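A.B. asks: One predicted model, sequence on top.
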Amino acid sequence: MFEDRGYKRTFYSAPQSVTSLVAAFLEPSITVLVFLAVSAAFDEPIGRSDLTLCLLIFALTFPGRNRFWDRPLNTAVDIASSWLGLLVILALCGYATRSLQLFKTDILTWWALLTPVLQWLAYFVGRSALRHLAAQPDNRRSAVVVGAGALGVKVARAFQARGDIGMSFIGYFDDRADERVDPAAKALRLGNLHEVAPFIRAQGVHEVYVTLPLGSQPRIVELLEQVQGTTASVFFVPDVFGISIIQGRLQDMNGVPVVGLCETPFTGTNRLIKRASDIVLATLILVLTAPLLLAIAVGVKLSSRGPALFRQRRNGLDGEEIVVYKFRSMRTLDDGAVVRQATKSDPRITPFGAFLRRSSLDELPQFINVLQGRMSIVGPRPHAVAHNEQYRQLIKAYMVRHKVKPGITGWAQVNGHRGETDTIEKMQARVEYDLEYLRNWSLGLDLQIIARTIKLVFFDRNAY
């Protein structure tokens, strides 16, 4: 029935792991090599301080993000923002430790300018090479989808939308009645389930994606027994689009496979990295801004009656109640069962408080919360307890954002969702960005958010 094409294996059979490994080392390696090359160009010998800096920047940029599949413009923006954030952190460390004078200004300047350019060029060249390889007929992998329902169509469209990953989608297999087959899949339906294995052998199909519902378990077991007699890789795609997957991963629990669907990204090494970066940055910022903190406290006391610091109950990690500090910017201290959000031209806001809110200086005491371990520098913004009780009943997966410590700034805030959330739609959009942060966390993403926050502090005219 099917023409025999053999079991041809391709070069493109294992690019994902290789490219991920290359990407992990590419950015930190370029950062270090550019510094060494610029030092050599200025005839500057490599000393202990230079090696210390190289180790520091390698640690802060490793593992590098795999940007080979990103669009060039997005990659350029991402590299520039991450690099700017790293430079700010290094400058603060150098200022606090008085080590900036150990390096020549010319070397640091050229290094700062050349590194992001060469990083982008390396990713652009790598992406172009991979796209070229993926376009070659001999380097493409063929795939079929078992299950012609809505989920199967989503998988097929994912292949077709990413033509640069070297995957050729052939069609669907399904033996259900036509009324249960998605209309978009009917034209590419190849046959019934018992025809999958013969088709794989005849056509040399490389990958099989099973998207049948869990209720079809006997058919799935029978299908797997047949397909395992071929050389095709088999993937099962569970229908989990109705829930928010956070750090989904397969784990081994004493020999029992367990699929994690909703888990904090801050476990093991990630937890140590996150906490260490919080402590270092929070300490530096509090030390450097100590005179400013004192001046603001005096200004708050002189501008209106009441305490300099405002304490409000918020929900922190795992939903536990915490106390968050801010400089008081209003004449009231709302922390009851009902908390009204600040609005534009809010009469409760003092003139000095309006300046603090526009510049985000009212948030500075929260670095004390960071040192206490109640908050993180980057994470979902904490909401008043009264707001949490309201929105947890209205927005799906709202409380998932509490799988991590709340942050002073976050992914939602640097993407335009800062300030008042006067509609359910605005809060829902903020929560979506918070969940995206949990799915994609990395130290590089934290640095990018910090860099973009600094930009917002100086240039955002919409804050109030």
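C.D. replies: Done, it's in. Treat the numbers as computed from the prediction; the structure is a model and nothing was measured.
A.B. asks: how about the strands in the stretch 251-400 of the chain?
C.D. replies: Using DSSP state E, counting those that start in this stretch, the strands found in the stretch 251-400 of the chain span residues 256-260, 309-315, 321-327, 376-378.
A.B. asks: between those, which gets nearest to residue 41?
C.D. replies: For those, distance to residue 41 was read as CB to CB. The smallest value, 35.8 Å, belongs to strand 376-378. No exception for glycine: its C-beta is placed from N, CA and C like everyone else's.
A.B. asks: List the contacts of the helix or strand harbouring residue 452.
C.D. replies: Under the criterion of DSSP states H and E, residue 452 resides in helix 443-459. For helix 443-459, the surrounding residues in contact (CB atoms under 8 Å, 6 or more residues apart in numbering) are 60-61, 64-65, 78, 81-82, 84-86, 88-89, 273-274, 277, 281, 359-360, 377-378, 409-411, 413-414, 418, 437, 463.
A.B. asks: Which one of the strands of the stretch 251-400 of the chain lies nearest to residue 391?
C.D. replies: strand 309-315 (10.8 Å).
A.B. asks: So which bits of the closest one are buried?
C.D. replies: Neighbour-count burial for strand 309-315 flags 310, 312, 313, 314, 315 (criterion: 16 or more other CB atoms under 10 Å).
A.B. asks: quick one: the helices in the stretch 1-150 of the chain?
C.D. replies: 15-41, 48-61, 72-97, 105-135, 150-161 (DSSP state H, counting those that start in this stretch).
A.B. asks: Looking at those helices, which is nearest to residue 296?
C.D. replies: helix 72-97 (19.6 Å).
A.B. asks: Enumerate the positions of the closest one that are buried.
C.D. replies: For helix 72-97, by 16+ other CB under 10 Å, it's 75-76, 78-87, 89-90, 92-94.
A.B. asks: Same check on stretch 118-136?
C.D. replies: In stretch 118-136, counting by 16+ other CB under 10 Å, buried: 118, 119, 120, 122, 123, 126, 127, 130, 133, 134.
A.B. asks: what do you get for stretch 382-401?
C.D. replies: Those would be 382-388, 390-392, 395, 397-398, 400-401, for stretch 382-401 by 16+ other CB under 10 Å.
A.B. asks: quick check, nearest of the residues you listed to residue 31?
C.D. replies: residue 401 (32.3 Å).
A.B. asks: count of neighbours near residue 373?
C.D. replies: Around residue 373 there are 14 other residues, counting by other CB atoms under 10 Å.
A.B. asks: coming back round to it: out of the buried residues of stretch 118-136, which comes closest to residue 288?
C.D. replies: residue 119 (28.5 Å).
A.B. asks: so the closest one makes contact with residue 29?
C.D. replies: No. With contacts counted by CB atoms under 8 Å, residue 119 stays clear of residue 29, the gap being 9.9 Å.
A.B. asks: list the residues that contact both of the two?
C.D. replies: Common neighbours of residue 119 and residue 29 are not found (criterion: CB under 8 Å, 6+ apart).
A.B. asks: can I see the domain layout of the protein?
C.D. replies: The chain breaks down into these domains under automatic domain parsing: 12-134, 140-239, 269-459.
A.B. asks: Turn those domains into TSV, columns for distance to residue 258.
C.D. replies: Listed next are those as TSV, based on distance: least, CB to CB, whole Å:
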stretch	distance to residue 258
domain 12-134	23
domain 140-239	14
domain 269-459	17
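A.B. asks: Which among those is found nearest to residue 262?
C.D. replies: domain 269-459 (6.2 Å).
A.B. asks: all helices for the stretch 201-350 of the chain, in order.
C.D. replies: Under DSSP H, counting those that start in this stretch, the stretch 201-350 of the chain gives helices at 217-227, 269-288, 290-303.
A.B. asks: So residue 141 is in contact with residue 204, correct?
C.D. replies: No. Counting by CB under 8 Å, residue 204 is not a contact partner of residue 141; they are 10.1 Å apart.
A.B. asks: so when I look at residue 408, I'm seeing a strand, right?
C.D. replies: Yes. Applying DSSP: H, G, I helix; E, B strand; the rest coil, one finds residue 408 inside a strand.
A.B. asks: neighbours of it, just the number please.
C.D. replies: Using other CB under 10 Å, residue 408 is surrounded by 26 other residues.
A.B. asks: what sits against it?
C.D. replies: Counting by CB under 8 Å, 6+ apart, residue 408 has contacts 363, 366, 367, 370, 375, 376, 377, 378.
A.B. asks: how about 10 Å then?
C.D. replies: 278, 282, 285, 324, 360, 363-367, 369-370, 375-379, 381-382, 450, 453 (CB atoms under 10 Å, 6 or more residues apart in numbering).
A.B. asks: which non-adjacent residue is nearest it?
C.D. replies: Distance criterion CB to CB, 6 or more residues apart in numbering; nearest residue to residue 408, sequence neighbours excluded, is residue 366 at 4.9 Å.
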